[in-house]
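Participant: next input, structure requested:
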Amino acid sequence: MAKESKVRIKTPSFAGPSSPGFPRSRGFLFTLLALVLISFIFISIQLWAQTVQVEEARSAQRFRVEAMRTSLSMVDNDALNKFSNASAILALDTLARAIEDHPDSGVMGLPVEGGAGTAFPDGTGAVNRTIYELMTGGTTSGGIYPGGQNFFYYGNSSNLTYSPDGMRSTLPYFFNQTRTATRLMGYDLVWGDVRKFSFNQTGLWAVSVYFEVPMNLTDPNGQLSIQKMFVVNTSIDISGMTDPMVARQDRIARPAVPDAERPHRNVYHVPQYLASGDAQARLLKASPTISEGMGWFFGPMSTVNQSAFRSTDYRYNLSKIGSYILETPDMGEAISQSQYFGAIVLGNSGGDNFDFNSTLPGPTSACSYAVMDQHPNCLYCLRKFLPNNTDPAACPPKSAEVNPDTIPANPNIPYVAITGSVNTLPGHENWNLGLPEILIQSRVNQSDLFGQGRIYRNDYNSLSRKFSNDYPPAAQSRIYDMSGPRDMAICGYYVQSPYGPSYLQRLTALAPYNGHTPYSPQGFGIESFITGRWAGGADDPVPDWTNAAQAAEDIPNLDSERNSRLDYQFYSPAPCAGSFIEGMPGCKSMAMCANDQPQGSPRADATGRFSISNQSYDAGVPSPSERYNLSQIQYVDKSMPVNRCD
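Facilitator: Next up, the predicted model:
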């Protein structure tokens, strides 16, 4: 049996590192791959680090830009304009009050600087300089003014200087505050000097501030820088501002009067009264719609009689019924109610119409008279006697008489008889009473017809004077709405004026009014009325105007109550004398307006009667009384001349 043979195959073995043999390539590849991976990671880290560095640089740049934007928002032009507006308001108000309250009675105001052909045609250059000094430093420069010392803050007077609170409204305060705020953001803000400063009147009720100031904003590294020129151009409404002119001139005219008794005026104006033409007395009725009238009176008009008045009623107060005018179409009511009211408006009048009443026998059988009575609705109605024979020898003329049944219970009551009723102006009612206020006015008075003590004159020529159509136009009866001039006098409103000074001129030492040249060549003049007992009458003796030579000597001591109440005329060293105006303050009735004391004695109970000049210097330019339509309602005062305005 054959033997099984075995074949063995020898497989090669890999030698270790120390043994020679086949190379170990797998370790090399692993090492190579590891090196590549590490290099990629390192490069990625480098790229990431560079990206972070760039982003950080960009973020820092963005922060600087945002910080600069924030800084710029703190100092934008609008913010500077608003601050400058407030700063100018404080400066102007401070200056006006300081002029008004200056204790030296010789101080008249800031000096007049400028004029025609200059930047300040109204002569307000000193006002411009003073406002600049207050806005930029909080104090005035002061100093002696050449040629005189009667000017505000000049001479021995201390400079006008802000309080610490006032300093917070100056431009340097704004500049410092904005610089501090921008430094917190890492920037430096530098303001330059204020340039081209102008403070001037630009309208009746507005003054404007203009100036330029440069600004430079930089970052700490000097890499970012912004330069800009800021322009301020802002306007101030003078409404409510102190008008120092009246109090200043009052201090000069009456240096001994305590400050508490001096007038303080603020400039107020309303849209309905822009000029004197808007504030005129308005004629409501005249001939032929007024058939007759006598006397004059101003007051609220009531359509209810005495029975509706109560002691506790604010509108129809019984204690004040004598200051009211009753309007009624009832003749009998007018006659009986005249004992309570101050005046009567009798409606539905028939005027100069006569009806036959009866026949009156004459001196002979051949003579008789037809008795003709005036009708309807009249007071002091006339009774005529018409002869039946035209031969005066056979039937002599008989004078007309007053029908005794038509004499009012108060025989001296002012009245008018009208056709229809009074059409008052809507919105012109007394604000407290809600009733219209009117002036009834006629140049014919009871004393003109009947003499003293109701001694009736049997003279038709005299009696017929009560008819407005039979008497010269100056005596015609009229009804006026006095709301315009009374609102100006009582509320202190200002209106545009052809001759008066502008507001900024009122801060200066104005030359006396000469009547020919407007104060403001720019046309920004304004005016108001001066009223009240403080404005004269209570302490002034009455000059003797019946003696021309004596009157000339008395002009410097003229009774100021008679001075024209326009604010720029009233205190003039050579004052304008005017006529008292019916229906205005202190002159609401004849008894009130005739409030005179004996020659040389003060009128302790004077009411401050309103007067206004009726003199015009220039052809074609209405006088003050004409501008306010007051010429026809002047109280006839024969104790002094009225056309005088030196």
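
Participant: count the neighbours of the residue nearest to Ser483 when sequence neighbours are not counted for me.
Facilitator: In this structure, Ser483 finds its nearest non-sequential neighbour in His428, 4.3 Å apart by C-beta to C-beta, 6 or more residues apart in numbering. C-beta coordinates here come from the backbone N, C-alpha and C atoms, glycine included. Neighbours of His428 under the rule other C-beta atoms under 10 Å: 17.

Participant: okay, His428: pLDDT?
Facilitator: Note on His428: pLDDT of 84.

Participant: that one: what's it in contact with?
Facilitator: Listed by C-beta atoms under 8 Å, 6 or more residues apart in numbering, the contact set of His428 reads 436-437, 481, 483.

Participant: in strands only, show me those residues.
Facilitator: If you go by DSSP state E, the contacts of His428 have 437, 481 in strands.

Participant: buried members of the contacts of His428 into PyMOL, please.
Facilitator: Those of these that count as buried under 16 or more other C-beta atoms under 10 Å are selected in PyMOL with:
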select buried, resi 436+437+481+483
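
Participant: mind giving me JSON lines with the contacts of His428 and columns for pLDDT and distance to Glu333?
Facilitator: Below are the contacts of His428 laid out as JSON lines (pLDDT from 0 to 100; distance: C-beta to C-beta, whole Å):
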{"residue": "Pro436", "pLDDT": "92", "distance to Glu333": "19"}
{"residue": "Glu437", "pLDDT": "94", "distance to Glu333": "21"}
{"residue": "Asp481", "pLDDT": "95", "distance to Glu333": "24"}
{"residue": "Ser483", "pLDDT": "93", "distance to Glu333": "27"}
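
Participant: chain center to stretch 211-229, what's the gap?
Facilitator: 44 Å (C-alpha atoms, centre = their mean, to the nearest Å).

Participant: the stretch 251-400 of the chain: helices as residue ranges?
Facilitator: Assigned by DSSP state H, counting those that start in this stretch, the helices in the stretch 251-400 of the chain fall at 331-337.

Participant: for it, what spans make up the strands?
Facilitator: 265-266, 282-285, 290-294, 297-302, 325-328, 343-346, 353-361, 368-375, 382-387, 398-402 (DSSP state E, counting those that start in this stretch).

Participant: include distance to Arg248 and mean neighbour count when you put those strands into CSV, please.
Facilitator: Converted to CSV, these look like this (distance: least, C-beta to C-beta, whole Å; neighbours: other C-beta atoms under 10 Å):
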stretch, distance to Arg248, mean neighbour count
strand 265-266, 10, 16
strand 282-285, 34, 18
strand 290-294, 44, 27
strand 297-302, 32, 24
strand 325-328, 40, 24
strand 343-346, 41, 27
strand 353-361, 60, 12
strand 368-375, 59, 19
strand 382-387, 58, 18
strand 398-402, 56, 18
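
Participant: which one of those lies nearest to Tyr503?
Facilitator: strand 265-266 (11.3 Å; C-beta to C-beta).

Participant: just the CA trace of stretch 200-217, in CSV.
Facilitator: The C-alpha coordinates for stretch 200-217 follow below in CSV (Å, rounded to 0.1, in the frame of the first residue of the first chain):
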residue,chain,number,x,y,z
ASN,A,200,-34.7,143.0,14.2
GLN,A,201,-38.4,143.7,13.9
THR,A,202,-39.8,141.8,10.8
GLY,A,203,-43.5,142.3,11.3
LEU,A,204,-46.1,144.1,13.4
TRP,A,205,-46.1,141.3,16.0
ALA,A,206,-42.8,139.5,15.3
VAL,A,207,-39.1,140.0,15.8
SER,A,208,-36.5,137.7,14.3
VAL,A,209,-33.1,136.3,15.4
TYR,A,210,-30.5,135.4,12.8
PHE,A,211,-26.9,134.3,13.3
GLU,A,212,-24.4,131.8,12.1
VAL,A,213,-22.0,129.6,14.1
PRO,A,214,-19.4,127.1,12.9
MET,A,215,-19.0,123.6,14.4
ASN,A,216,-16.2,121.0,14.2
LEU,A,217,-16.7,117.4,15.5
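
Participant: thinking again about what came up before, out of the contacts of His428, which is nearest to Leu29?
Facilitator: Using C-beta to C-beta, the contacts of His428 come closest to Leu29 at Ser483, 113.6 Å.

Participant: contacts only, for that closest one.
Facilitator: 282, 425, 428, 437.

Participant: of all pairs in those, which one is the farthest apart?
Facilitator: Arg282 and Glu437 (11.7 Å).

Participant: still on that earlier bit, mean pLDDT and distance to Gly186 added to the strands of the stretch 251-400 of the chain, as a markdown table?
Facilitator: As requested, those are exported to a markdown table (pLDDT from 0 to 100; distance: least, C-beta to C-beta, whole Å):
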| stretch | mean pLDDT | distance to Gly186 |
| --- | --- | --- |
| strand 265-266 | 92 | 48 |
| strand 282-285 | 94 | 69 |
| strand 290-294 | 84 | 84 |
| strand 297-302 | 95 | 72 |
| strand 325-328 | 96 | 78 |
| strand 343-346 | 96 | 81 |
| strand 353-361 | 91 | 98 |
| strand 368-375 | 91 | 99 |
| strand 382-387 | 88 | 100 |
| strand 398-402 | 82 | 100 |
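
Participant: shared neighbours, Arg282 and Glu437?
Facilitator: Common neighbours of Arg282 and Glu437 (C-beta under 8 Å, 6+ apart) are 481, 483.

Participant: tell me, how many residues neighbour the residue lying closest to Ser311 once chain neighbours are set aside?
Facilitator: Take Ser311 and drop its neighbours on the chain: the residue closest to it by C-beta to C-beta, 6+ apart is Leu318, 4.9 Å away. Counted with other C-beta under 10 Å, the neighbours of Leu318 add up to 14.
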